[in-house]
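> from the sequence below, what's the structure:
(2 chains)
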2 protein chains.
Amino acid sequence: MMEIIKGGVTSAKGFKAACTAAGIKYKGRTDMAMVVSEIPAVCAGTFTSNVVKAACVKWDMDIVKSDRKMSAVVVNSGIANACTGEEGYNACRETAKAVKEALGIDENTVAVASTGVIGMQLPVDKLVNGVKDMATKLSDSEEAGTDASKAIMTTDTVNKERAVSFSLNGKVVTLGGMSKGSGMIHPNMCTMLGFLCTDANVTKEVLQKILSDVVKDTFNMITVDGDTSTNDTLLIMANGLAGNDLIAGPGEGYDKLYEAVYTVCESLAKTMASDGEGATKLFEAQVVNAKSKEDAKTMARAVVGSNLSKAAIYGCDANFGRFLCAMGYSGAQFNEEDVELYFKSANGELKVFDHGVPLAFDEEKATDIMKADTVTVFINMNEGDASATAWGCDLTYDYVKINADYRS
Amino acid sequence: MMEIIKGGVTSAKGFKAACTAAGIKYKGRTDMAMVVSEIPAVCAGTFTSNVVKAACVKWDMDIVKSDRKMSAVVVNSGIANACTGEEGYNACRETAKAVKEALGIDENTVAVASTGVIGMQLPVDKLVNGVKDMATKLSDSEEAGTDASKAIMTTDTVNKERAVSFSLNGKVVTLGGMSKGSGMIHPNMCTMLGFLCTDANVTKEVLQKILSDVVKDTFNMITVDGDTSTNDTLLIMANGLAGNDLIAGPGEGYDKLYEAVYTVCESLAKTMASDGEGATKLFEAQVVNAKSKEDAKTMARAVVGSNLSKAAIYGCDANFGRFLCAMGYSGAQFNEEDVELYFKSANGELKVFDHGVPLAFDEEKATDIMKADTVTVFINMNEGDASATAWGCDLTYDYVKINADYRS
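Down below sits the predicted model:
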């Protein structure tokens, strides 16, 4: 049985974390975090699809694509280190070298991640001092993991961590993770970063396959503003210290690890969506009985991605035509005559559109349903048997405020 | 020589317009307009690419695809008549029939267009009464055209009309038009509607080709919020009353008519972009020296379409990394090391990014440039010889306000 436990990146055996206030952008708060595995870990990763990739993304892709293991990740939440040319890539190297000097770890197994303003150079001296400080503070306590998850926040209003454990071949396997930001396909500017640590014993190939598959249905199904960052990074380290039999292909171990990764990623993804910049609500679109999985995903994402849908969700305005409109321009093909549409939340449910015809409905009831913290638009396509869910948030005055003058 | 003249849909010979307050949604203002050609006109049109098409779009597509001519267009600005099933299509037929009864025009040559809330039925009695009233008021005065352009507004803050004339074979040919809304590919909810009237003598094939080509570089290059409406419609009627030799293929007549259509459409498109919901500025992206026209268009549209770019333009924040980020996820391929980026406006110009490296720049000067009514982001790709320009607007608190409770 999968068990959800309290914790994050330090929950699995052999992982330590630390953070520090390096003064890169913020004053009076932590802005660097480090996660270290006692022994080099098998690693996998997924990265932004943006043509413009931050220096640190290039650095990490190099590690993940090689047959090297990963021993540590260093994150800063002040400057994105994107569009920074050779000087930016050197900043990654200097950070990794600082970890080598402080901890004796091979610099080529140290990943780095950044989030913040694009087009500014990182102050390398502050990064190096930060690493030195964190090296003296590493701890496997739950608190150290939580503090790390707070240090990587930018415009996030809550820190995001989650952990699960399950048993395999009589051994307890644990997986914990933290993330910041609001998306993978469509993150907000401040970038989606995610770091997962597990003590599972697993091959690199299986780890990468599980991560890549899970991302498609979790992080890639959330959207805040349609802007795909230059820095999006999701990394997983598996150090094998749980002592389970090696997971090298299909079977019980594969299924359980998949479920663990899925559970943590879905939870982190939903938390990120509901904490989208300026958001007051989690906005969920469930598309069922579509012709294909791809169509279902495309439509669900279009609904939660539409500014007009999001503004209506914010205003508790049951303007369902906007959802149909978004489905219509998403690229998926369908007949509006087949479609049924409902609003659902903890406050009830209401059908508003039935096979091509708008229904007369109680506006007060609709408003009441939409006042909940999580609002679901449930769409039955009646054309097949494929389903998908996407998560987003409402569009508010605060989103504009946060982004109209982000740099100051 | 092309001459820009004062006027709109009534500028060309043989076109009359009228409007009325039919009480469909708004109180105390006009909400229906009608444009009639003295004699049946050759027609062409372009329509929304949304899978969900409003009943009136289906009705008009049927006319444009047939070999029928077009004699009149009836527009209402209260209810979109989309997602309304058979009842919605009947509303189109009843409107056309009312025109037949009032003016003796074949109902199958009467186009209808709607903009407003999706998923509500139109009150047919109000439409019919509106048509009756307008039939008694038709006038070819400039004022009648202007009043019509006001009656089709929804959240628009200014009416939009433009006219040009040129001489051909010793005859004066005139083209005038009006539009409302904010886009064709990415219009705001209230739909982009455009109506062009010319007295040119031209074949249907040439008219459609010119319209389709012009739309690609004008209306399709503006964006307000990325939401493609169910109702977008651009129609042109050419009644031949100028008496020029028939324009049936390439040549002087073709070129002059193309220029006239282009001039009116570009002007209407830019006015729509700068009048985007809640907008305070026209936001222009010029991409030059790209590898292909398609790439240039894709990147220019991504830049003006990004919420983060738009919020930065609103805040006069020279956060140029957001533009590079948008170009990066647009789908176009390029090397950031080739790119130069400038801010330009009536207040000056400033280079901020040079071949992959961010430049130190004067923030005050940047803010001053960005305070202008029109702000241009000028991007030199240095990779080819293709160029494109896209137009949008800034993202403001008022956009959210307008759309959070649009229906009330």
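> can you list the residues of the stretch 201-350 of chain A near chain B?
Counting by Cβ under 8 Å from any Cβ of the partner chain, the residues of the stretch 201-350 of chain A close to chain B are A:225-230, A:306-308, A:311-312, A:314-315, A:317, A:319-322, A:324-329, A:332-334, A:336-337. In short, each C-beta sits where N, CA and C put it, glycine included.
> would you mind listing which of those residues are buried?
Buried members of these, counted by 16 or more other Cβ atoms under 10 Å in any protein chain shown: A:225-230, A:306-308, A:311-312, A:314-315, A:317, A:319-322, A:324-329, A:332, A:334, A:336.
> give me the subset of those lying in helices.
Judged by DSSP state H, helices contain the following of these: A:307-308, A:311-312, A:314, A:321-322, A:324-329.
> in CSV, list these along with pLDDT.
Putting these into CSV (pLDDT from 0 to 100) gives the following:
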residue, pLDDT
A:Asn307, 80
A:Leu308, 80
A:Ala311, 85
A:Ala312, 87
A:Tyr314, 90
A:Gly321, 88
A:Arg322, 88
A:Leu324, 93
A:Cys325, 88
A:Ala326, 89
A:Met327, 94
A:Gly328, 90
A:Tyr329, 86
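> among those residues, which pair sits farthest apart?
A:Tyr314 and A:Gly328 (21.8 Å; Cβ to Cβ).
> now the stretch 251-400 of chain A against chain B: closest residue?
A:Gly321 (2.3 Å; Cβ to the nearest Cβ).
> if we ignore the residues flanking it in sequence, what's nearest that residue?
In this structure, A:Gly321 finds its nearest non-sequential neighbour in B:Ile118, 2.3 Å apart by Cβ to Cβ, 6 or more residues apart in numbering or on different chains.
> farthest residue from the center of chain A?
Distance from the C-alpha centroid of chain A peaks at A:Ala360, with 38.9 Å (Cα atoms, centre = their mean).
> now do the contacts for that residue.
Shown in contact with A:Ala360 (Cβ atoms under 8 Å, 6 or more residues apart in numbering or on different chains): no residues.
> gap between it and A:Val173?
54 Å (Cβ to Cβ, to the nearest Å).
> give me the nearest residue to whatever residue of the stretch 151-300 of chain A ends up closest to chain B, chain neighbours excluded.
Going by Cβ to the nearest Cβ, chain B is nearest to A:Thr228 of the stretch 151-300 of chain A, at 3.8 Å. Nearest non-adjacent residue to A:Thr228, counting by Cβ to Cβ, 6+ apart: B:Tyr329, 3.8 Å away.
> is it true that that neighbour touches A:Asp232?
No - using Cβ atoms under 8 Å, B:Tyr329 is not in contact with A:Asp232; the gap is 10.1 Å.
> overlap of the contact sets of the two?
A:Asn50.
> looking at chain A, which helix or strand is least sure?
Ranked by mean pLDDT, DSSP states H and E, the weakest helix or strand in chain A is helix A:397-404, scoring a mean of 75.
> that one vs helix B:307-314, what angle?
70 degrees (axes from the mean of the first three to the mean of the last three Cα atoms, to 10 degrees).
> indicate whether helix A:397-404 makes contact with chain B.
Yes - applying Cβ under 8 Å from any Cβ, one finds helix A:397-404 in contact with chain B at A:Tyr397, A:Tyr399, A:Val400, A:Lys401, A:Asn403, A:Ala404.
> tally of neighbours for the fifth one?
Translated: A:Asn403. Using other Cβ atoms under 10 Å in any protein chain shown, A:Asn403 has 28 neighbouring residues.
> tell me how many other residues surround the residue of the stretch 1-150 of chain A found nearest chain B.
As assessed by Cβ to the nearest Cβ, chain B sits closest to A:Ile118 within the stretch 1-150 of chain A, at 2.4 Å. For A:Ile118, the neighbour count with other Cβ under 10 Å is 29.
> which parts of the stretch 101-250 of chain A are strands?
Taking DSSP state E, counting those that start in this stretch, the strands of the stretch 101-250 of chain A run over residues A:110-114, A:160-168, A:171-180, A:193-198, A:233-238.
> report the rounded mean pLDDT for the fourth one.
It refers to strand A:193-198. Across strand A:193-198, pLDDT averages out at 95.
> just checking: what are the partner strands of it?
Strand A:193-198 sits in its sheet next to strand A:171-180 (antiparallel), strand A:233-238 (parallel), going by DSSP bridges.
> any buried residues in the longest one, and which?
Think strand A:171-180. Buried, per 16+ other Cβ under 10 Å, within strand A:171-180: A:Val173, A:Thr174, A:Leu175, A:Gly176, A:Gly177, A:Met178, A:Ser179, A:Lys180.
> tell me what angle it forms with strand A:110-114.
Going by the same axes, to 10 degrees, strand A:171-180 makes 30 degrees with strand A:110-114.
> output strand A:171-180 as CSV, nothing but the C-alphas.
C-alpha atoms of strand A:171-180 as CSV (Å, rounded to 0.1, in the frame of the first residue of the first chain):
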residue,chain,number,x,y,z
LYS,A,171,12.0,-3.1,2.3
VAL,A,172,10.5,0.3,2.8
VAL,A,173,11.0,2.6,-0.2
THR,A,174,10.5,6.3,0.2
LEU,A,175,10.0,9.1,-2.3
GLY,A,176,9.9,12.8,-1.4
GLY,A,177,9.9,15.9,-3.5
MET,A,178,9.6,19.7,-3.5
SER,A,179,8.7,22.1,-6.3
LYS,A,180,8.1,25.8,-6.9
